[in-house]
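A.B. asks: Generate a structure from the sequence data that follows.
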Amino acid sequence: MEEKKLAIIATKGTLDWAYPPFILASTAAALGYEVQIFFTFYGLQLVKKDLNLKVSSLGNPGMPMPMAMDKWFPVAFQALPGMESMMTSMMKKKMKDKGVASLEELRELSAEAEVKMVACQMTVDLFDMNPADFIDDLEFGGAATFFEFAGDADITMYI
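C.D. replies: Next up, the predicted model:
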């Protein structure tokens, strides 16, 4: 029986959007899937050596807020200076308190499970990013690299 394949396109670069690609990839790999994640545009933030990701409640109405703030706290106040840092700290604390693995741990687990990680070369060039800023074992390729794998994938996800 041929190994199943999972192809993921990661396009978001915030803390809350960083978890799904690595959780899904590491889980699929543990279940015997061959997995590739193609990081493009803001998703490239997830494969930088220095992870400095933030979370924002702006534009994310589904985000549960402490003290039911999502019910009474005006959206405009969420744009005030310091709110993003506060929300990021709260999210990190909640994850730690609930025993959720850190993003660094999930990324390392994915690498150990032989999840292939590919950075979009066009996006790296577009934003004048330095390839040295990215994790080791990251491959660089274009859309054709993704399609070469995704064309035979059993499941393809856009995150």
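A.B. asks: which residue is nearest the centroid of the chain?
C.D. replies: residue 18 (2.6 Å; CA atoms, centre = their mean).
A.B. asks: so that residue is in which element?
C.D. replies: Using DSSP states H and E, residue 18 sits in helix 15-30.
A.B. asks: And the strands in this structure, which stretches?
C.D. replies: Listed in chain order, the strands of the chain (DSSP state E) span 5-10, 34-39, 116-120, 139-141, 155-158.
A.B. asks: Tell me which residues are up against the fourth one.
C.D. replies: Under the criterion CB atoms under 8 Å, 6 or more residues apart in numbering, residues 116, 117, 118, 119, 120, 121, 124, 131, 145 lie in contact with strand 139-141. For the C-beta atoms, the positions are set from N, CA and C on the backbone; glycine is no exception.
A.B. asks: repeat that for 10 Å
C.D. replies: Residues outside strand 139-141 that contact it (CB atoms under 10 Å, 6 or more residues apart in numbering): 36, 38, 116-122, 124-125, 131, 134, 145, 148-149.
A.B. asks: Out of the strands of the chain, which is closest to residue 25?
C.D. replies: strand 34-39 (4.8 Å; CB to CB).
A.B. asks: and that closest one, how far from the chain's centre?
C.D. replies: 11 Å (CA atoms, centre = their mean, to the nearest Å).
A.B. asks: Kindly state the beta-bridge partners for residue 118.
C.D. replies: Applying DSSP bridges to residue 118 gives these bridge partners: residue 38, residue 139.
A.B. asks: list the contacts for it?
C.D. replies: Listed by CB under 10 Å, 6+ apart, the contact partners of residue 118 are 9-10, 36-40, 47, 138-142, 145-146, 149.
A.B. asks: buried subset of those residues?
C.D. replies: By neighbour count, with 16 or more other CB atoms under 10 Å, the contacts of residue 118 hold 9, 10, 36, 37, 38, 39, 40, 47, 138, 145, 146, 149 as buried.
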